[in-house]
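Asks: Return atomic coordinates for the entry below.
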Amino acid sequence: MMMKKWMTAVLAAGIALLCGCSDIRQKENNFNGNIYGNRYTIETFSDDGTKVLKTHGSRIGVRGNMIRKESADGSASETTELSSVITLNIDNREMLTCGDTLIFFEDGLTPDVVFADEETRSVNAVRAKITKKTAVIIKSQAGVPLYAFSGKKITWSVPDDLPKFTKLMVDNKVMYIHRTNFQIIEKDLIDQP
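Replies: This next block holds a predicted model:
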C-alpha cells in the first residue's frame, strides 16, 4: 500500500513538472508566429485614425520582444515580460512597431466602408454601404472607426502564436488585427440614419 502511494505521488509530481515545463514552452512560443500563404495589405494607424503607413507582403513573421524589469522594491531580482514592441519580418525586410493599430487583410478582401473617405464616422450614417448580413467594424485603440467589412459569416479567434493579435475570418478571407477595437454586428441591428 505504501509503495502504491509513493508511486502515485511520484507520478503526480512528474505530471506537474511536465505541465510546468509545457507552460513555459507555450509562453515562449506565444511570442513568435507567422502569417503565410496569402498576400496581405498591412496598414498602420495612429490613435486618431490617421493612416500612417501602408505596405504589402506574403511572408510575414511576427516576433514579440521580451524585456527585463527590475523588481519594484529595489531588490536584485528581475522579471522578464513581453514588451509592447513587436518585430515584423515582411518578405525578409524588418519593421519594428510599438503601440500602433495594425490591420493585415488578405488580398481580395475589400472594405465596404473606409471611414476616412466619409463625411461622418457614424456607422449608422453609412449603414446602406454595408452590403452583406454581418459587419465587422474595425476601430483604432481610441475607438475611431477605420473600416467596415461585411460578410455572410464573420468569426474571430485569438492565435496562440501571435502576440496581442486577433484573427478575423470574413467569408473565408483572413484578416489579422493588432491593437484595435472591433465590433461584429448584424446589419439589421444598426439603426437607419
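
Asks: Helix, strand or coil: sort out residue 188 for me.
Replies: helix (DSSP: H, G, I helix; E, B strand; the rest coil).

Asks: confidence score at it?
Replies: If you check residue 188, the pLDDT there is 96.

Asks: quick one: the most centrally placed residue in the chain and residue 172, what's the gap?
Replies: Centroid-nearest residue in the chain: residue 165, 1.4 Å away (criterion: Cα atoms, centre = their mean). Counting by Cβ to Cβ, to the nearest Å, the gap from residue 165 to residue 172 is 19 Å. C-betas here are computed from N, CA, C, even on glycine.

Asks: what sits against residue 95?
Replies: Contacts for residue 95 were tallied using Cβ atoms under 8 Å, 6 or more residues apart in numbering; they are 55, 87, 88.

Asks: Kindly provide the distance from it to residue 112.
Replies: 28 Å.

Asks: One more: residue 63?
Replies: Applying Cβ to Cβ to residue 63 and residue 112 gives a distance of 33 Å.

Asks: quick one: secondary structure of the closest residue to residue 103 other than its chain neighbours?
Replies: Distance criterion Cβ to Cβ, 6 or more residues apart in numbering; nearest residue to residue 103, sequence neighbours excluded, is residue 43 at 5.0 Å. Following three-state DSSP, residue 43 is assigned to strand.
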